[in-house]
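K.L.:
Structure for this input, please:
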Amino acid sequence: ALWRLGCFNNMLDFVFAVDDSVTWHMMNLLKNRSHYSFLKVFGPKQISSIQSYGAGIYYNTLVPCNGRMIKYGVISTDTLIDDLLHWKTLYVAGRLQKPVKILTQNENSKLQAALVSNLKSAVTAAFLMLPESFSEEDLYMQIAGLSYSGDFRMVIGEDRSKVQNIVKPNVPHFQKLYSNILQDCPQVVYKHHLGRLEIDKSPEGQFTQLMALPRTLQQKITSLVDPPGKNRDVEEILLQVAHDPECGFVVHQGRPRSICLVCRGLLRPSNSIWDAYIFRFSSAGITSSKH
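P.N.:
Numbers count the residues shown, from 1 in each chain. Got it, this is the predicted structure:
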């Protein structure tokens, strides 16, 4: 069964994380050649090569399935893990900071750890941009907005209030996704019954949070703060940021701009209020009858 959030007429979004992209596209071209654009004439190796650019994901869009339209992306497991851990593009990692449905998966401990790490990183980044006391909804709004900085879909073809549309109807799903992380975090007082949180905003607390951020975000923060040619180490710069009253603003400015051009129809925004990501980890192509 699919966990669908949003209106029935909105497009469902699937993502397949695969170990061997060439084999996957080869099998899928045999089964579902019509799903592909003109790029199908170049074959699975070239499609896989194109997939490696930008956000590392290849999309087939506007695919009819069981009376509705779907789109599905293919990303290599290694590329996905790298984005989850380091936020190199924050394209798929950003969407996995929101409630999703995992359809099927293999036992991959590295991927499981990376999925949890991505959620913890989202919480940490949000903490740094929020005041000392805030509501759960404030937190989830901040998390849901992380990957939309610089995303063309917030300007072209989609409602600017998309973040609010995602969070408000789905607070219980966000709570389910993040409650364990919040309860286990030593720097936050989580008043679940009140829906309120209090975070340590001391320089020491903020330094701990800054040091826990993904590598790409740390690098962007240091490039904003460190004058060219000074070449101080990251720890020294982040300590300076931790003592800065504008620490949250610096983190906000440093957020990775989500890669917004994905393969096939490079500028084709989704119509969905909610992007429901269902992961199937397999080596074979998509089989429409299963959806």
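K.L.:
rest of the way, CA atoms for contacts and neighbours
P.N.:
Will do.
K.L.:
If you count neighbours, what's buried in stretch 244-251?
P.N.:
Neighbour counts over stretch 244-251 (16 or more other C-alpha atoms under 10 Å) mark 247, 248, 250, 251 as buried.
K.L.:
quick one: contacts for the second one?
P.N.:
Spelled out, that is residue 248. 128, 129, 130 (C-alpha atoms under 8 Å, 6 or more residues apart in numbering).
K.L.:
And residue 134, which helix or strand is it part of?
P.N.:
Per DSSP states H and E, residue 134 falls inside strand 133-135.
K.L.:
Give me the residues contacting that strand.
P.N.:
Outside strand 133-135, the residues within contact range by C-alpha under 8 Å, 6+ apart are 195, 196, 197, 198, 199.
K.L.:
Just give the number of residues close to the last one.
P.N.:
To tie it back to what came earlier, the one meant is residue 199. Neighbourhood size, residue 199 [other C-alpha atoms under 10 Å]: 20.
K.L.:
Work out for me the element residue 216 sits within.
P.N.:
Under the assignment here (DSSP H and E), residue 216 is part of helix 215-225.
K.L.:
before we move on, the earlier item: just the buried ones from the contacts of strand 133-135?
P.N.:
Using 16+ other C-alpha under 10 Å as the burial test, the contacts of strand 133-135 include 196, 197, 198, 199 as buried.
K.L.:
Pipe the buried residues of stretch 244-251 into JSON lines and attach distance to residue 78 and pLDDT per row.
P.N.:
Formatted as JSON lines, the buried residues of stretch 244-251 follow (distance: C-alpha to C-alpha, whole Å; pLDDT from 0 to 100):
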{"residue": "247", "distance to residue 78": "32", "pLDDT": "95"}
{"residue": "248", "distance to residue 78": "31", "pLDDT": "94"}
{"residue": "250", "distance to residue 78": "30", "pLDDT": "93"}
{"residue": "251", "distance to residue 78": "27", "pLDDT": "94"}
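K.L.:
for those, which one is nearest residue 14?
P.N.:
Using C-alpha to C-alpha, residue 251 is the member of the buried residues of stretch 244-251 that sits closest to residue 14, with 30.7 Å.
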